[in-house]
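Engineer: Predicted model and sequence below, questions to follow.
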10 protein chains.
Amino acid sequence: MIRADLTEKLLDIKREKGWTWKYICDEIGGFSPVLIVGALLGQHKLTKPQAAKAGELFGLDKAETAMLNEVPMRGADAVIPPTDPLIYRFYELVMVNGPAWKALIEEEFGDGIMSAIDFDMVMERQPDPKGDRVKISMSGKFLPYKYYGATGNVPAYGFKEE
Amino acid sequence: MIRADLTEKLLDIKREKGWTWKYICDEIGGFSPVLIVGALLGQHKLTKPQAAKAGELFGLDKAETAMLNEVPMRGADAVIPPTDPLIYRFYELVMVNGPAWKALIEEEFGDGIMSAIDFDMVMERQPDPKGDRVKISMSGKFLPYKYYGATGNVPAYGFKEE
Amino acid sequence: MIRADLTEKLLDIKREKGWTWKYICDEIGGFSPVLIVGALLGQHKLTKPQAAKAGELFGLDKAETAMLNEVPMRGADAVIPPTDPLIYRFYELVMVNGPAWKALIEEEFGDGIMSAIDFDMVMERQPDPKGDRVKISMSGKFLPYKYYGATGNVPAYGFKEE
Amino acid sequence: MIRADLTEKLLDIKREKGWTWKYICDEIGGFSPVLIVGALLGQHKLTKPQAAKAGELFGLDKAETAMLNEVPMRGADAVIPPTDPLIYRFYELVMVNGPAWKALIEEEFGDGIMSAIDFDMVMERQPDPKGDRVKISMSGKFLPYKYYGATGNVPAYGFKEE
Amino acid sequence: MIRADLTEKLLDIKREKGWTWKYICDEIGGFSPVLIVGALLGQHKLTKPQAAKAGELFGLDKAETAMLNEVPMRGADAVIPPTDPLIYRFYELVMVNGPAWKALIEEEFGDGIMSAIDFDMVMERQPDPKGDRVKISMSGKFLPYKYYGATGNVPAYGFKEE
Amino acid sequence: MIRADLTEKLLDIKREKGWTWKYICDEIGGFSPVLIVGALLGQHKLTKPQAAKAGELFGLDKAETAMLNEVPMRGADAVIPPTDPLIYRFYELVMVNGPAWKALIEEEFGDGIMSAIDFDMVMERQPDPKGDRVKISMSGKFLPYKYYGATGNVPAYGFKEE
Amino acid sequence: MIRADLTEKLLDIKREKGWTWKYICDEIGGFSPVLIVGALLGQHKLTKPQAAKAGELFGLDKAETAMLNEVPMRGADAVIPPTDPLIYRFYELVMVNGPAWKALIEEEFGDGIMSAIDFDMVMERQPDPKGDRVKISMSGKFLPYKYYGATGNVPAYGFKEE
Amino acid sequence: MIRADLTEKLLDIKREKGWTWKYICDEIGGFSPVLIVGALLGQHKLTKPQAAKAGELFGLDKAETAMLNEVPMRGADAVIPPTDPLIYRFYELVMVNGPAWKALIEEEFGDGIMSAIDFDMVMERQPDPKGDRVKISMSGKFLPYKYYGATGNVPAYGFKEE
Amino acid sequence: MIRADLTEKLLDIKREKGWTWKYICDEIGGFSPVLIVGALLGQHKLTKPQAAKAGELFGLDKAETAMLNEVPMRGADAVIPPTDPLIYRFYELVMVNGPAWKALIEEEFGDGIMSAIDFDMVMERQPDPKGDRVKISMSGKFLPYKYYGATGNVPAYGFKEE
Amino acid sequence: MIRADLTEKLLDIKREKGWTWKYICDEIGGFSPVLIVGALLGQHKLTKPQAAKAGELFGLDKAETAMLNEVPMRGADAVIPPTDPLIYRFYELVMVNGPAWKALIEEEFGDGIMSAIDFDMVMERQPDPKGDRVKISMSGKFLPYKYYGATGNVPAYGFKEE
């Protein structure tokens, strides 16, 4: 069994039962839905108690339940660039605006990155008379590039002398 | 002159003068800095009045000023996947979380996309004792897929009869 | 079951029964045939009533019928650039004429795009003594790039002040 | 001089003079603007009289004028898939709908393609209270696959006997 | 069943029976062997009578026979550039000589292409004391680029006036 | 100077003088035009006497003339797959028909290839009331795969014994 | 059955029986081991008598034995660039030294190639106190580019006159 | 001026003067040589005082010195996979051992990554009678995936209720 | 059975039994865990005694046990660049720092590479109040490029005289 | 100055002077011609005395001479797969025969690689009445994979205990 087989099985059951993601997330609980759905789609892990709840809900056996608690090979089977229009639009935002984000974040924070690991996100529906909007708020810890060797205890040449 | 030549010239002047992006955006005004910086980096256009201000600030000639008011070939020279760590982290977020975003947005809104065109974004520094965070809020209009042909005035076969 | 399995099954039945797409589209109804055929080939969704009719026509079980009502991962398995000559010719039109379309649409409409979501299309056979022609008429809503921050309520620098 | 050098020069002059494409197309005349603009952007050729008019308009020398009358290496420098959002939307239409177009055209016309060579196109602005639309009508000659060897004068095996 | 499954089955039977392509083409008849073999390998369609003969010869069921009469997704599974030395040599000919072919055909015929659709080909063995040669003669209809808009009935600007 | 610089210079002169390829090939002589044009476009070499004639015709200096007599890095700058429609059609022929060519050549000749090196080609215009055709005849020496080791003097295992 | 299935089966049997390649090559005989092993791995064909011996050795049925006598689609499933370190080192040799090989072979032999078809190779273990070496000797026929048209019987222009 | 121009200039001066990296790093000081050399090669930034020292050492003007203090677009011009053998070996280590590193780090630390930002590294020459060795010690902060939403203050469904 | 099938089976058993990698490595013993886990994931081979122990532990049959003792096709199924964030960070380190590593190793050791074959590595958890760190120490033999021909016994021209 | 500029200059001089590679290699001496030519083409370094001789021969300045003594970024600008037919044939040999070489070398030597660094090669012309042959003999040191941890002094688990 590989993770894609488990994902396929979970989606078959969801379809068969007519469940919504909202229902499934409420049953499993504990995490934001983006993480729970991501885990069921093979991109994240669930905690042991969550995996147990999911196993009960979907009628999984022991090994399947254990697999939901494993860190998957993230991004496996991702198509790059994404072909699906909904996902592509996010990708386009990164491609077109990435250089400006880089310039502004570096001016504000210095050299470093916004973590994609210590990161959270909320999605909301924003009612709007001209058409409702998808609102996404995300925040990631700024991680400054560590310029080691600056404190003097590292020799200022490439190879430590023996 | 191609757009990349103009971008190179603008960055040379910014470096020479020691200007910050904040200073430049305050001078040009009118748009969010992500858009102004994006335009100066060759990914967006400025309005005519903004281009005029930018032209004055940077000492551009008429054709250079006009070029800032042109829609560029967006994404030209983009490296895919991005190699720069700051930009890559955003790309990774899309790759890893894209399928879950798709599942949740479609459950909430139906078939469609979040527009990358009718779209806005604010970046903020979020002070945090464990390390400040980059907060990004964005909202895009939801565009439902238009299922034309549903109103009966389109014949239910592939080719209109003459 | 993944969507490609369902597509394979539907094509097997169509072949077995000797049905045409015209017959199938007439049976399912409600949408233009490009959308119905696209949905059966795994690129669009059908509405619930359409999926029910398709399920009856093809003798599908509940989960298969539900899958036809799901938004698929569009473009999955697409070969880029397309190898099939019929599809490649459309791709070539975009590649060769894309820059001119961009120049003319932007001169007429300003900065923005023609939507590929709020979009319709009719195909017709155009009799011609020198050889019949395929006529395709399509219209997509023009979506102007939203230059947010122009109304003054967004501060003219990269990071909102706390 | 390569074609891209000439394109860059023409765009520099257009920008310097503040001309619109409409003005340029009116001056050169004779072809649809999509073709004239395409030629000036290095994707098509102009006829000799058109090239002469363009040469006069832009103040080109003899070799530059002659180059406008040459068939260019079409698609040179095209980025695949296109990164520019306006062009990408057309590409997405082909990717998502290509299989359905193939199925319907083949059912109507038999085995063959819609020519991308004997092909014409008109673009129109379609006023619409919900937002104007870009309307594109195109028609290409259907070219049936020639199944040679069917008339009996070709031997029914791979290699002609000496 | 997808087309590759059918191709695999046909090759299994050919191998089992010890048939040559010559024998198979003689049995099916009507087309040049390049087309018949191409169809059996999943790159072309057979006519209904040919498919019937092939179905009888290979002992196919109704759906398999019908599939041989369908236009396949041409080029599916093609490896680009080709890895097989025999096929690669043809590809190399195109890559190395393509620019010269383009220059000479355009000088002789004007702007256009040699059709790959209205196209025929014969292969012959050419005895030669220094080693026999493969002789390939092919002829394709020249298709001139249609420069529409030249007849005056198309307005000389990008967007038709309402 | 790299070969592409020389090609650009030759094309500039050809354009300036208004020469045809036919005229240039007649002046240089000795080879088929496909080879002479190919050499001038940087894909083949000319012989010393031909290079001398070309040097005189184009007014080249000693080093430029010598470069025409050098074997170039063939295929440098080739775009794969080709974007130009005229060249793409040949490529498509290889992609779609390659497997059938392989099957038939191997059945007729055994295991081997048609040489792309010991190879000649003639192009002709074939008048046709339905539209003239481009006729291409090519013949390449068949090179059988050499199955060495078959004569007994090579040990039947991977590593020669010392 | 496709060739990869047969390769997998042969390797399963070799593993089950604990055979070495040396043993297998001795049993089949007639070719160098590089060819026999290559054929069993799906990159070459065996002769009929060799295939018969292999069929007996591995207990193959008639179709499997026949498949070993077929020319495979060479290079199918090759990963480029190769990921396996042993194979990559050869690839690196070609990449780094290819330009020098080209310069020296062309200076010695003129324009042409070393055949990869009329080619043989022996591998030997070369004992060396500093660590044994793999010695590979290969020889390929030099194939000069044929500059046809040089004998006067081909007209010195692109298209034969009718 | 783009960063690659500056790198080229710095290497020209280093070559002209005959300096070693050790000398340059001693002059600039403050960071590990991997970072200083990386910055001079366009992959990192120097601090202002370091850039000033580098500017003095290399005789740079104000803008060049400022550019050394800018965060570059990291990885620009990187060839993937790397062609240079020294760099490729590191890449191969990641490719071959990556899955095992993932399994072991996740078993020890849980779900997360080793930071490539908060990361340091020392290289040493390790004398060895069988041939000296390159020893590389690196340590990166472990960053656990943040499973937000676990504290109850995030609603257990995809979209926050208004 | 291919290696990926065996890997899948081993992971299924590990999951079923609830074993850790530590337990498995202790049972098999003899190698560093990076190598044992790598072998079980299909990237290395185990020795015969280790394979026997693994076979007993996992309940493998004879052929499966033998396969663990075979050198696999390393890197098969590797995704490049890696999509999994944990593995990607290592890849990013190579991409960003590779040029500096090259400069420093070559200055210290001369022309050559750090072997990825005669190579060892230890991973450790480094407790740190600001967050534990992953420490990786690796050492590879330096292999100097062999500049053969320097001893005079190789003729100073490209081709040995007969 | 980048290495490609120097290569271009050296080839310009060679062409201008009419020198052969044999003459150049005789003048520089000390290495096999494959290495000297490779160095002049930017793929290897020359020793200081060789670089001095080359500098004198070609009239280089100090920095150019120093650059010839630098290790270049090998494989820069390599086209993969190679388009030049002479180089491609070597590449094809690796692609088609690589798996068999792997199987045989591993059976003879065990797990490891043939070094591409401690490697030498001689090319010879082999007279043959059927056409002269290019003979290439190469030998590379076999480098066994080092299975560290086997001696007991490395703990049998992933992370050293503190």
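Structural biologist: The structure has been received and is ready for your questions. Residues are numbered from 1 along each chain as shown, chains lettered A, B, ... in the order given.

Engineer: which helix of chain A spans the most residues?
Structural biologist: The helix that spans the most residues within chain A, counting by DSSP state H, is helix A:85-109.

Engineer: helices or strands next to the next helix or strand after that one in the packing?
Structural biologist: Helices and strands here follow DSSP states H and E; after helix A:85-109, the next one along the chain is strand A:112-126. Strand A:112-126 is packed against strand A:133-144, helix B:85-109, strand B:133-144, strand H:112-126, strand H:133-144, strand H:159-160, with contacts defined by 3 or more C-beta pairs under 8 Å, 6 or more residues apart in numbering or on different chains; DSSP states H and E. Backbone N, C-alpha and C define where each C-beta goes, glycine included.

Engineer: Make JSON lines from those and add mean pLDDT, distance to C:Glu64 and mean neighbour count to it.
Structural biologist: Shown next, in JSON lines, are the helices and strands packed on strand A:112-126 (pLDDT from 0 to 100; distance: least, C-beta to C-beta, whole Å; neighbours: other C-beta atoms under 10 Å in any protein chain shown):
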{"stretch": "strand A:133-144", "mean pLDDT": "94", "distance to C:Glu64": "30", "mean neighbour count": "21"}
{"stretch": "helix B:85-109", "mean pLDDT": "95", "distance to C:Glu64": "19", "mean neighbour count": "23"}
{"stretch": "strand B:133-144", "mean pLDDT": "94", "distance to C:Glu64": "25", "mean neighbour count": "21"}
{"stretch": "strand H:112-126", "mean pLDDT": "92", "distance to C:Glu64": "40", "mean neighbour count": "21"}
{"stretch": "strand H:133-144", "mean pLDDT": "94", "distance to C:Glu64": "41", "mean neighbour count": "21"}
{"stretch": "strand H:159-160", "mean pLDDT": "62", "distance to C:Glu64": "29", "mean neighbour count": "16"}
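
Engineer: if we can go back for a sec, angle of the longest helix of chain A against strand B:112-126?
Structural biologist: If you take axes from the mean of the first three to the mean of the last three C-alpha atoms, to 10 degrees, helix A:85-109 sits at 10 degrees to strand B:112-126.

Engineer: Helix A:85-109 packs against which elements?
Structural biologist: strand A:133-144, helix B:21-28, helix B:33-40, helix B:85-109, strand B:112-126, strand B:133-144, helix D:85-109.

Engineer: Output the residue of chain A whose distance to chain C is smallest.
Structural biologist: Per C-beta to the nearest C-beta, A:Thr83 is where chain A lies closest to chain C, at 2.6 Å.

Engineer: so who does that residue touch?
Structural biologist: With contacts defined as C-beta atoms under 8 Å, 6 or more residues apart in numbering or on different chains, the neighbours of A:Thr83 are C:Met73, C:Arg74, C:Gly75, C:Ala76, C:Ala78, D:Met95.

Engineer: what does the model give the first one for pLDDT?
Structural biologist: Put plainly, it is C:Met73. Listed pLDDT for C:Met73 reads 96.

Engineer: The fifth one too?
Structural biologist: Per-residue confidence (pLDDT) for C:Ala78: 87.

Engineer: biggest separation within the contacts of A:Thr83, which pair?
Structural biologist: C:Met73 and D:Met95 (12.4 Å; C-beta to C-beta).

Engineer: Just give the number of residues close to A:Gly131.
Structural biologist: 13 (other C-beta atoms under 10 Å in any protein chain shown).

Engineer: Please list all residues in contact with it.
Structural biologist: B:Lys141, B:Phe142, B:Leu143.

Engineer: Try it again at 7 Å.
Structural biologist: Counting by C-beta atoms under 7 Å, 6 or more residues apart in numbering or on different chains, A:Gly131 touches B:Lys141, B:Phe142.

Engineer: With A:Arg133 instead?
Structural biologist: A:Gln126, B:Ser139, B:Gly140, B:Lys141, B:Phe142.

Engineer: Many thanks, we can stop here.
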